[in-house]
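Participant: No sequence on hand, only this structure:
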């Protein structure tokens, strides 16, 4: 992962929440919240909360649980607060997953949606999650499968590779879809001290009102935007239009849908 891959600042939080959340994140947020609710935690820590899609799902399914929502990016966390109706129930805290500012054995559950791919030292992050869990506590998180199993992201990446053949923007393949080796993930969790590790593939469908919607979501609502502008300062609209045309060629020009696939992992302290 490159340093800029974890930067979500400026207008990205609002754009990300408006475009990316309904496109790919909402179904997996509901899935994680349902799984967390089955454990009936009294205290729960969310890592890499982003703009709060999982936080909102957790507060709906766990009305009596104390929730602490954290993220490394203060702009994302600040935006999440504005989207949380019952924000008084949530403790919001900027925090690094590699050095969590909490005491040992503080939480019954730790939840993280699509954040592990961004951890520069994944084993250290897992050790920190385990440290703050109570004995028998649940660590629940998900990661994307390879980019070829996620249609819209794959088409956009291939399109941009044609647009910038000398230096293709590879953010999507490199980071969000770059941590899909399940054997490696299980081994790293075990090295961090976790047991009872279970992994499950979860398929869903990404739906959009038009090909332009996912093109804008990926090209302008993620750090892919930074990569495009670095290659062509005035080329963001051109890249977005090219991505929309590629999506239309593959999926049609009206409402479109494509495969999305992730792995959900659970482990115990």
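Facilitator: Received, thanks. The model shown is predicted, which means the values in this text are computed figures rather than measured ones. Residues are numbered from 1 along each chain as shown.
Participant: Do I have it right that residue 17 meets residue 83?
Facilitator: Yes: between residue 17 and residue 83 there is a contact at 6.7 Å, judged by Cβ atoms under 8 Å. No exception for glycine: its C-beta is placed from N, CA and C like everyone else's.
Participant: Quick check: neighbours shared by these two?
Facilitator: Common neighbours of residue 17 and residue 83, counting by Cβ atoms under 8 Å, 6 or more residues apart in numbering, are 51-52.
Participant: Can I take it that residue 228 is in a strand?
Facilitator: No: counting by DSSP: H, G, I helix; E, B strand; the rest coil, residue 228 is not part of a strand but helix.
Participant: Now do the helices in the stretch 1-150 of the chain.
Facilitator: Along the stretch 1-150 of the chain, the segments classed as helices by DSSP state H, counting those that start in this stretch run 12-15, 26-39, 53-61, 74-83, 122-132.
Participant: rank the ones you listed by pLDDT, which is bottom?
Facilitator: Lowest mean pLDDT of these: helix 12-15, a mean of 78.
Participant: in that one, what counts as buried?
Facilitator: Buried residues in helix 12-15, counted by 16 or more other Cβ atoms under 10 Å: 12-13, 15.
Participant: elements contacting it?
Facilitator: helix 74-83 (3 or more Cβ pairs under 8 Å, 6 or more residues apart in numbering; DSSP states H and E).
Participant: who's in contact with the helix it packs on?
Facilitator: 8-10, 12-14, 16-17, 49-52, 55-56, 69-71, 87, 92-94.
Participant: Tell me the spacing between residue 226 and residue 178.
Facilitator: 17 Å (Cβ to Cβ, to the nearest Å).
Participant: Repeat that for residue 222.
Facilitator: 14 Å.
Participant: Low-confidence stretches in the chain?
Facilitator: Residue ranges of the chain with pLDDT under 70: 1-11, 86-88.
Participant: Recalculate using a threshold of 50.
Facilitator: 3-10 (pLDDT under 50).
Participant: all strands for the stretch 51-200 of the chain, in order.
Facilitator: Ranges of strands in the stretch 51-200 of the chain, per DSSP state E, counting those that start in this stretch, are 66-71, 90-94, 107-113, 133-144, 195-208.
Participant: Check which helices and strands the second one is in contact with.
Facilitator: Counting by 3+ Cβ pairs under 8 Å, 6+ apart, the packing neighbours recorded for strand 90-94 are strand 66-71, helix 74-83.
Participant: Contacts for it, please.
Facilitator: Contacts of strand 90-94 (Cβ under 8 Å, 6+ apart): 55, 59, 66-72, 74, 77, 80-81, 84, 101.
Participant: since we're on residue 85, how many residues are nearby?
Facilitator: 8 (other Cβ atoms under 10 Å).
Participant: Roughly how far does it sit from residue 57?
Facilitator: Taken as Cβ to Cβ, the span from residue 85 to residue 57 is 13 Å.
Participant: Count the residues that sit near residue 148.
Facilitator: Neighbours around residue 148, by other Cβ under 10 Å: 15.
Participant: Test my guess that it contacts residue 157.
Facilitator: No: if you go by Cβ under 8 Å, residue 148 and residue 157 don't touch, sitting 9.8 Å apart.
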